[in-house]
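Enquirer: Here is my input; please provide its structure:
(chains A and B)
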Amino acid sequence: MAETQVVASKSSSEDTRKVLLSIQNVRVWFELRRFGFGIAGYVRAVDGVAFDLHEGEAIAVVGESGCGKSSLMRTILGLHRPREGQVVFEDKVISEMGREGLKWYRMHVGYIQQDPYGALPPFMSVQRILEEPLITAGVHNKKEREERVRKVLTEVKMTPVEDFLHKFPHMLSGGQQQRTVIARAMIRNPRLIVADEPVSMLDASVRVEILKLLRSLQASHNLSFIYITHDLSTVKYFSERIFVMYAGQLVEKGPIGKILKNPLHPYTHALIAATSDPDARNAETYKEVPPGEPPSLVKPPAGCRFHPRCSRIIKGTCDVEEPPEFQPEPGHQVKCWLYK
Amino acid sequence: MNNLKRTLRELARYPSAIFGLSIIGILVIVGILAPILIPYERAIELWRGGEEIWYANPRNVPPAWINWFRTKKLVETFTLDSAKGEAEKLVDSVNNQIVLTYTFEYNYDTFPQEIIFYFRAQYKQQKPFVSIVWYTPDGRQIPIDNLALSTTTTVRFSQNERLARRFIDTSPVKGLFIDPTSDVKNPTIVKGTYKIVLTVTSFEPETNVDAELVVHGQVAGWAGTDHRRRDLGVAILWGTPVALLFGLMAALGTSVLTMIISAVGTWYGGWVDELIQRITGVNLVLPFLPILIMVGTFYSRSIWIILSVTIALSIFGSGIVTYRSVFLQVKESPYIEAARSYGASNARIILMYMVPRVIPLLIPGLVTSVPGYVFLEASLAVLGLGDPVLPTWGKIINDAQTNGALYEGLYYWVLEPAVLLMITGLAFAMLGFSLDRIFNPRLRGQ
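Expert: Residues are numbered from 1 along each chain as shown, chains lettered A, B, ... in the order given. Sure, this is the predicted structure:
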């Protein structure tokens, strides 16, 4: 099947494209307030994440629920302020931007949410929903707005456009709702799209269509794309690189082909093993999942954060010292003592 | 627009909503008509006016329509003015005589309170002279008075000495209608066409005389009169827009402001939210009516001041808490997050994204809270703290109370405004409950 083909990967170290977005050692901690006064501790949702995203590049951030994917994404969107580190977009630091700067930044970033029904205000028509980002961007010409709405609806294949303009979200199917969300993200002609599990709440039948749509939009507009998911089976549709996230950290980074064929980190192993593709062989194989729960983000385990669940733990090392990033092969980094 | 249509169509399924809406519709029409029929200045002039405006009305009489329910008909109040052509006027310039003939049908079972002639004469030096003669339907002829007229002259039959001497057994006015052959203890009334002839003899060619006959009956107008002869209809009519406006403005102002404050508090959170919650907590235990009474007593009784104080005291009411619980939920919606991600301003998020979600809660609440404010205005007026200028329903009740209306059996005086208040309250309550069922379908019965 053509869609399941892995996108040709380029080694990021050799990537000659311009860096669009740079995440530099970002930490996002949330205060835990004690009743009354003081702070009882912090939830370390994102704890030292760093990567570069090139122009026109699509990456996937993969991890289980509660690993900090969404907090990372919100930080990139400028909704959370990092406690430490920086998010740099085109050589400008987001957290240092003023009101105008942030407005400029947001013009270039589109956001696709997980729950398409919740993401659309139920009391607005499709046309109004799509006009909102333009209004906040200061497009006052009603005619121009309508033209752009029509154009973007055609792009997300909601045609004939007239059938959808005046519909309310509850009158649309799940797929159409998600197309509207994508259209809303696309309408300001962004350069970066952040998609937070864009297909996880859709029927399996619609998923592939939406993924193909995202892929074609990404290619035709040369978009940089951050695709956040817990489901490795959808990653291969268009991501070039995969970042595996665990307990607020990126434990493995690398081109998609290398990671899927040759996962290095024990956690990545487990994730790939747990992936269910519609394949008859899957019915007979037993999926091995790592035992235990994801660790508490308030008091993460000492050393490697995965060690309590790891089957290949090196006693005395893994549970004591946090592993640095090793690079066993070019463009493929892993945070694990096994590759020292 | 479509929403409005859909809501109306749904409303049509509830008989109580139709009932409520039609009453509100009638009230609104009356409220619009009142200032057109009686402009504001005129209404105030009328309501503050005394004898000079209301001379044609008797004091403390019920409305004319109570005759529909009586077998013994009460005398209706009427006037006949020769200047308006309501009396026959014959000018005999040869003999220098003007003859004014007043005819009226009298088919009542009781006597009028008073009969008065108001003469208006124009002359140079010589006063004209008039003789008044009363003709009964059974052909009797009773001379009433002969007198010289000055520019304005008033003749009250009840104070006429000649009549008093003539009808020793009864009062002068009653005597004119009693059949002299009937029993003194149980007199019968002569029914039929009565005639009063005024013969004016003038001594100058330019002289002109007109006279207005005023018969004070036992019923008057469509609403009755009060202790100052005022037609209650003025206050009933003008009370409608005042009550509706006060109720609607207070309800609207309170609901909308409460909702917005609640939204702002929820959205910004932190100390803003905390402050709003504390103010609400304190405000909820403040005694509402006593504060309004103090404002009315010591500061101003203007309806606008009272309205503002009412709104100010109601903003931080229990609505804040209700709306807050909804807003807290809405605040976390993904679509709000999306709006933030495309840079919608705080004001835009509050007004365009959060507020529309509570409109279904707001509208029924708003409608059902209207009567509360209508009654509040009336209660203040009953307590003597009504607007000093405007005629309102509450002030009618206040007047009735201070003048012992119920003690004297003048029920109409209290019942008219009270029934109107109740109907208004009922109409808004019925509409409000139906709206609540439409906007919150879970309340809908099986």
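
Enquirer: Tell me the residues of chain B that contact chain A?
Expert: Within chain B, the residues that sit near chain A (Cβ under 8 Å from any Cβ of the partner chain) are B:333-335, B:337-345, B:348, B:352-353, B:356-357. C-betas here are computed from N, CA, C, even on glycine.

Enquirer: and those, which are buried?
Expert: Buried by 16 or more other Cβ atoms under 10 Å in any protein chain shown: B:333-335, B:337-344, B:352-353, B:357, out of the residues of chain B next to chain A.

Enquirer: Dump those to TSV, plus secondary structure.
Expert: As requested, these are arranged in TSV below (DSSP: H, G, I helix; E, B strand; the rest coil):
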residue	secondary structure
B:Ser333	coil
B:Pro334	helix
B:Tyr335	helix
B:Glu337	helix
B:Ala338	helix
B:Ala339	helix
B:Arg340	helix
B:Ser341	helix
B:Tyr342	coil
B:Gly343	coil
B:Ala344	coil
B:Met352	helix
B:Tyr353	helix
B:Arg357	helix
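
Enquirer: Now the two most distant members of those residues.
Expert: B:Gly343 and B:Arg357 (20.7 Å; Cβ to Cβ).

Enquirer: The nearest residue to B:Thr188 once chain neighbours are set aside is in what secondary structure piece?
Expert: Spatial nearest neighbour of B:Thr188, excluding adjacent residues (Cβ to Cβ, 6 or more residues apart in numbering or on different chains): B:Ser182 at 4.2 Å. Assigned by DSSP states H and E, B:Ser182 falls within no helix or strand.

Enquirer: Give the burial count for B:Ser182, as a bare number.
Expert: 12 (other Cβ atoms under 10 Å in any protein chain shown).

Enquirer: residue contacts, the spatially closest residue to B:Ile396 that is not a sequence neighbour?
Expert: Nearest residue to B:Ile396, sequence neighbours excluded (Cβ to Cβ, 6+ apart): B:Pro417, at 4.4 Å. Taking Cβ atoms under 8 Å, 6 or more residues apart in numbering or on different chains, we find B:Pro417 in contact with B:235-236, B:239, B:378, B:393-394, B:396-397.

Enquirer: quick one: B:Pro417 and chain A, what's the gap?
Expert: Applying Cβ to the nearest Cβ, to the nearest Å, the value for B:Pro417 to chain A is 42 Å.

Enquirer: ok, now B:Phe129?
Expert: On the measure of Cβ to the nearest Cβ, B:Phe129 and chain A end up 84 Å apart.

Enquirer: ok, now which ones touch that residue?
Expert: The neighbourhood of B:Phe129, defined by Cβ under 8 Å, 6+ apart, consists of B:146-149, B:200-203.

Enquirer: After the helix-or-strand element of chain B with minimal mean pLDDT, which helix or strand is next? Please name it.
Expert: None of the helices or strands of chain B scores lower by mean pLDDT, DSSP states H and E than helix B:2-11, at a mean of 80. Using DSSP H and E, the helix or strand that follows helix B:2-11 towards the C-terminus is helix B:15-37.

Enquirer: okay, the angle between that following helix and helix B:2-11?
Expert: Angle between the axes of helix B:15-37 and helix B:2-11 is 120 degrees (criterion: axes from the mean of the first three to the mean of the last three Cα atoms, to 10 degrees).

Enquirer: For the stretch 201-340 of chain A, which residue gets nearest to chain B?
Expert: Nearest residue of the stretch 201-340 of chain A to chain B (Cβ to the nearest Cβ) works out as A:Met201 at 10.6 Å.

Enquirer: ok, now how distant is the nearest residue to that residue once chain neighbours are set aside from B:Ser333?
Expert: Of all residues not flanking A:Met201 in the chain, A:Asp115 sits nearest, at 5.3 Å (Cβ to Cβ, 6+ apart). To B:Ser333, A:Asp115 is 9 Å away according to Cβ to Cβ, to the nearest Å.

Enquirer: swap in B:Leu37?
Expert: Distance from B:Leu37 to B:Ser333, counting by Cβ to Cβ: 51 Å.

Enquirer: Just send the buried ones among the residues of chain B next to chain A back as a markdown table, with pLDDT too.
Expert: Shown next, in a markdown table, are those (pLDDT from 0 to 100):
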| residue | pLDDT |
| --- | --- |
| B:Ser333 | 89 |
| B:Pro334 | 90 |
| B:Tyr335 | 92 |
| B:Glu337 | 90 |
| B:Ala338 | 91 |
| B:Ala339 | 92 |
| B:Arg340 | 89 |
| B:Ser341 | 89 |
| B:Tyr342 | 88 |
| B:Gly343 | 85 |
| B:Ala344 | 88 |
| B:Met352 | 91 |
| B:Tyr353 | 92 |
| B:Arg357 | 87 |
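
Enquirer: give me the low-pLDDT residue ranges for the chain?
Expert: Just so you know, I chose chain A. A:1-15, A:36, A:276-290 (pLDDT under 70).

Enquirer: wait, I meant chain B there
Expert: B:1-2, B:441-446.

Enquirer: what are the ranges of the strands in it?
Expert: B:78-81, B:88-92, B:97-106, B:114-122, B:129-135, B:141-148, B:152-156, B:192-201, B:208-216 (DSSP state E).

Enquirer: okay, those, which one's buried deepest?
Expert: Mean neighbour count (mean count of other Cβ atoms under 10 Å in any protein chain shown) peaks for strand B:208-216 among those, with a mean of 22.

Enquirer: helices and strands around that strand, which ones?
Expert: For strand B:208-216, the elements it packs on are strand B:78-81, strand B:97-106, strand B:114-122, strand B:192-201, judged by 3 or more Cβ pairs under 8 Å, 6 or more residues apart in numbering or on different chains; DSSP states H and E.

Enquirer: Kindly provide the distance from the residue nearest to B:Ser318 when sequence neighbours are not counted to B:Gly319.
Expert: Leaving aside its chain neighbours, B:Ser318 sits nearest to B:Leu284 (6.6 Å; criterion: Cβ to Cβ, 6+ apart). For B:Leu284, the distance to B:Gly319 (Cβ to Cβ) stands at 11 Å.
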